[in-house]
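Engineer: Okay, predicted coordinates and the sequence, questions at the end:
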Amino acid sequence: KNEVEQSPQNLTAQEGEFITINCSYSVGISALHWLQQHPGGGIVSLFMLSSGKKKHGRLIATINIQEKHSSLHITASHPRDSAVYICAVVSGNTPLVFGKGTRLSVIA
Amino acid sequence: NAGVTQTPKFRVLKTGQSMTLLCAQDMNHEYMYWYRQDPGMGLRLIHYSVGEGTTAKGEVPDGYNVSRLKKQNFLLGLESAAPSQTSVYFCASSYTTTEAFFGQGTRLTVV
C-alpha cells in the first residue's frame, strides 16, 4: 500500500504570506490530487497532476515523480484560503490513497 | 446538476441501533466509494464498488456492509452501531480510479 505523508500537519500564516504544503509518497504513482476541505464542508479537487506543474489563480502545484514528492503553493494567502488541504495518490487500478491533511489557518 | 448526494447529513444513534446511509450519483459513474474521516487519521476507505452489483472491502470494513443494487446508488449499512463508528462519512464516485467526486458528508454520532 502506498504511504502518503503530508507536512506540516498544521500551519498558521499571516495574510499575504507565501505558503507551501508538502506531500511525499512511497510507491510510484500515475497521478496525484490536491484536494481542499473547508470547515464543515465537502471535499473539492483543486488539481490532478502526473508531471510538472499546474497553476490556477494563486494556487500552484508541482510534482517530482522521481523524488516521489509534490508541493502545493499558495501565493498572497488570504483568510478564505483557511481549510484542510489533502494530498491523494493514484496507483494502477486501486482506489485513491489519501494523506492525513494539512490544516491551514490564514490570519488577517 | 446534483453530482453526489448523501443522506442524511447528520444523525445521532444509540449504541446497538442500525442505520443505512445512502449515496446517490447522477453522473453515470462506475466507481463508488465510502470513506470515513476521523481527526488525525485522514480519509480511510471502508468499502467500494467497481460497478452495479459489485462490492469490495477497503481499509476499514469491519462493522459495515454495503450494497450496489443500482448503478446510481451505493448504500452503507451499520447493523449494530458502536461509539467507535462516530465519524464523518463521505461518499465519492468516479469514471475511473484516477479521480473522485465527493458528497457533502454525513456526520454520525453514536452515543
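Structural biologist: Right, received. Where do you want to start?
Engineer: Tell me who's in contact with the nearest residue to residue B:3 once chain neighbours are set aside.
Structural biologist: Setting aside the residues directly before and after it, residue B:3 is nearest to residue B:101 in space (Cβ to Cβ, 6 or more residues apart in numbering or on different chains), at 6.0 Å. Yep, even glycine has a C-beta here, placed from its N, CA and C like the rest. By Cβ atoms under 8 Å, 6 or more residues apart in numbering or on different chains, the contact list for residue B:101 reads A:45, B:3-4, B:25, B:27, B:29, B:92-94.
Engineer: Check residue B:102 too.
Structural biologist: Contacts of residue B:102 by Cβ under 8 Å, 6+ apart are A:42-44, B:4, B:90-92.
Engineer: got it, and residue A:87?
Structural biologist: Residue A:87 touches A:4, A:6, A:21, A:23, A:25, A:32-35, A:70, A:72, A:98-99, counting by Cβ under 8 Å, 6+ apart.
Engineer: Quick check: of these, which lies closest to chain B?
Structural biologist: Using Cβ to the nearest Cβ, residue A:98 comes nearest to chain B of the contacts of residue A:87, at 4.3 Å.
Engineer: Name the helix or strand for residue A:86, please.
Structural biologist: strand A:83-90 (DSSP states H and E).
Engineer: ok, that strand: who's next to it in the sheet?
Structural biologist: In the sheet, strand A:83-90 lines up against strand A:31-37 (antiparallel), strand A:97-98 (antiparallel), strand A:102-107 (antiparallel) (DSSP bridges).
Engineer: Only the buried residues of the last one, if you could.
Structural biologist: What that stands for is strand A:102-107. Residues A:102-104, A:106 are the ones in strand A:102-107 that count as buried (16 or more other Cβ atoms under 10 Å in any protein chain shown).
Engineer: Tell me which two of these sit farthest apart.
Structural biologist: A:102 and A:106 (12.6 Å; Cβ to Cβ).
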